[in-house]
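>>> With the sequence up front, the predicted model follows.
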Amino acid sequence: MFPPRSKSVYPVQVKMNKATEKSIHEMLKNTPSMNDSTEVVHSGSEQQTIKHSTTLTLRNVSNHSLSSPTSVSLEDESAYIKNGSSKLDTFRNWSITTYKCTKQIMLEKLGKSTRTVDLELEAQIDQLKETQKKYLSILRLSRAFTSHFYNCMQSQSLLAETFADLAQKSPELQEEFLRNAETQRILTKNGELLLNALNFFISSINTLCNKTIEDTLLTIRQYELARVEYDAYRVDLEQQRTGSGGSGDPAPPQQKYSNDEIQKKYEKCKEQYEKLRSDIIVKMQFLEENRIKVMHKQLLLFHNAIAAYFAGNANGLEKTLQQFNISVSRRSVCVVGTNFMLHFAYCS
């Protein structure tokens with residue numbers, strides 16, 4: 001065990017600590033500060049004094065960039081604000097126009113608003129839409145006929161191969177099998193010529209329906225939208241005029257400014273409406289001439305090709321394709337011209 005400590009030790013240590021603390025404070029007070037002393041070396045090396053320039057030379061001014069980042073950022077910010085405001089104005093105008101047009105359409109359907117009507121032009125438009133429907137029906141049926149005829153040709157080609165194979169395996173029926181095989185082969189070759197004519201017919205009708213007529217109908221749809229917008233602002237302008245002049249009092253400044261705005265928009269919509277109306281009249285005239293010309297040529301091709309094929313007139317089928325500049329293979333034409341009529345006579 002440790003020996004017991006003497007009680008007199010602690011007071012002695014306290015006295016020594018107080019004396020030491022007092023002497024240290026006195027030393028610190030008597031010692032000069034490091035900043036005031038010129039003889040004290042702080043870091044072991046000679047102290048260097050740095051003097052800063054208090055004047056701005058002209059060279060420094062000239063080297064300074066004229067376009068500061070602050071000015072550039074202000075320009076970018078102003079451009080961004082201008083772009084955003086233009087987008088907001090565009091969206092605002094679109095929203096107002098959409099609302100007015102939707103309102104006008106609903107009022108027309110409910111019979112509570114008048115609409116601008118051109119009876120002669122609308123009759124021509126209805127007739128054009130009906131013509132497109134009928135031509136699309138011809139196009140759909142022609143594609144179905146071509147598809148069925150192609151499948152028939154595939155069956156004829158398989159029949160020709162089967163007859164030729166059986167002719168080698170059945171010597172007693174070899175002549176009959178060979179004749180039938182040759183007939184089906186010739187029908188297949190001539191069917192390829194008819195397919196060329198049918199594909200040319202389908203391509204021309206498709207161009208007429210889905211490109212030429214559709215282009216005119218696109219202008220007609222734009223014309224109808226312009227008509228709705230024109231009527232919407234026309235009705236709005238009439239209501240504004242009626243409201244401002246109904247009591248005989250002068251219109252307030254805000255309403256007068258609104259009337260001026262609506263008047264400008266009305267004039268712009270009227271100009272657009274009349275422009276599209278004249279464009280439709282011109283397009284429909286050219287379309288009618290083009291439609292008659294194209295259909296005359298294609299109906300003649302369809303009639304001559306179908307009649308020549310099913311009548312067994314190989315030369316007539318070949319001349320029909322040459323007349324309409326439809327390319328055919330020489331091998332098929334040669335086979336058709338020599339054997340087609342003979343095998344039809346055999347089959348009959």
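Alright, I've got the coordinates.
>>> Packing partners of the helix ranked longest in the chain?
Longest helix in the chain, counting residues (DSSP state H): helix 253-310. With contacts taken as 3 or more Cβ pairs under 8 Å, 6 or more residues apart in numbering; DSSP states H and E, helix 253-310 sits against helix 119-169, helix 174-207, helix 214-245, helix 314-323. Glycine gets a C-beta too; all of them are placed from N, C-alpha and C.
>>> Assign a three-state SS to the closest residue in space to Asn196 that isn't next to it in sequence, would you?
In space, and not counting its chain neighbours, Asn196 is closest to Ile326: 5.3 Å by Cβ to Cβ, 6 or more residues apart in numbering. Using DSSP: H, G, I helix; E, B strand; the rest coil, the structure places Ile326 in coil.
>>> need the contact list for Ala232.
Residues in contact with Ala232, defined by Cβ atoms under 8 Å, 6 or more residues apart in numbering, are 97, 100-101, 103-104.
>>> ok, back up a step: go through the helices and strands packed on helix 253-310 and name the closest to Gly111.
Nearest of those to Gly111, taken as Cβ to Cβ: helix 214-245 at 13.6 Å.
>>> returning to that earlier point: what pLDDT is listed against the residue nearest to Asn196?
Ile326 carries a pLDDT value of 85.
>>> Got the phi and psi for it?
The phi/psi pair for Ile326 (degrees, to the nearest 10) reads phi -100, psi 120.
>>> give the contact list for it.
The neighbourhood of Ile326, defined by Cβ under 8 Å, 6+ apart, consists of 196-197, 200.
>>> what's the closest of those to Asp118?
Phe200 (38.2 Å).
>>> who touches the closest one in this structure?
301, 324, 326.
>>> Tell me the one of those residues nearest Ile220?
Checking the contacts of Phe200 one by one against Ile220 (Cβ to Cβ), the nearest turns out to be Leu301, at 29.6 Å.
>>> ok, the nearest residue to Leu166 once chain neighbours are set aside - how many residues close by?
Leaving aside its sequence neighbours, Leu166 sits nearest to Phe177 (Cβ to Cβ, 6+ apart; 4.9 Å). Phe177 has 18 neighbours, counted by other Cβ atoms under 10 Å.
>>> rewinding a little: minimum pLDDT in the contacts of Ala232, which residue is that?
For these, the least confident entry is Thr97, with 78.
>>> roughly how far apart are that residue and Asp236?
11 Å (Cβ to Cβ, to the nearest Å).
>>> Poorly predicted segments of the protein, please.
Scanning the chain with the threshold set as pLDDT under 70 gives 1-85, 243-257, 328-348.
>>> do that again at 50, thanks
The model of the chain has pLDDT under 50 over residues 1-3, 6-16, 18-20, 34-48, 52, 55-67, 244-249, 251-257, 329-348.
>>> can I get the contacts of Ala232 in TSV with neighbour count, distance to Thr183 and secondary structure?
Listed next are these as TSV, based on neighbours: other Cβ atoms under 10 Å; distance: Cβ to Cβ, whole Å; DSSP: H, G, I helix; E, B strand; the rest coil:
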residue	neighbour count	distance to Thr183	secondary structure
Thr97	17	69	helix
Lys100	20	71	helix
Cys101	17	66	helix
Lys103	14	71	helix
Gln104	23	68	helix
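>>> Out of those, which comes closest to Ser155?
Out of the contacts of Ala232, the member with the shortest distance to Ser155 (by Cβ to Cβ) is Cys101, at 56.6 Å.
>>> contacting residues around the closest one?
Going by Cβ under 8 Å, 6+ apart, Cys101 touches 225, 228-229, 232.
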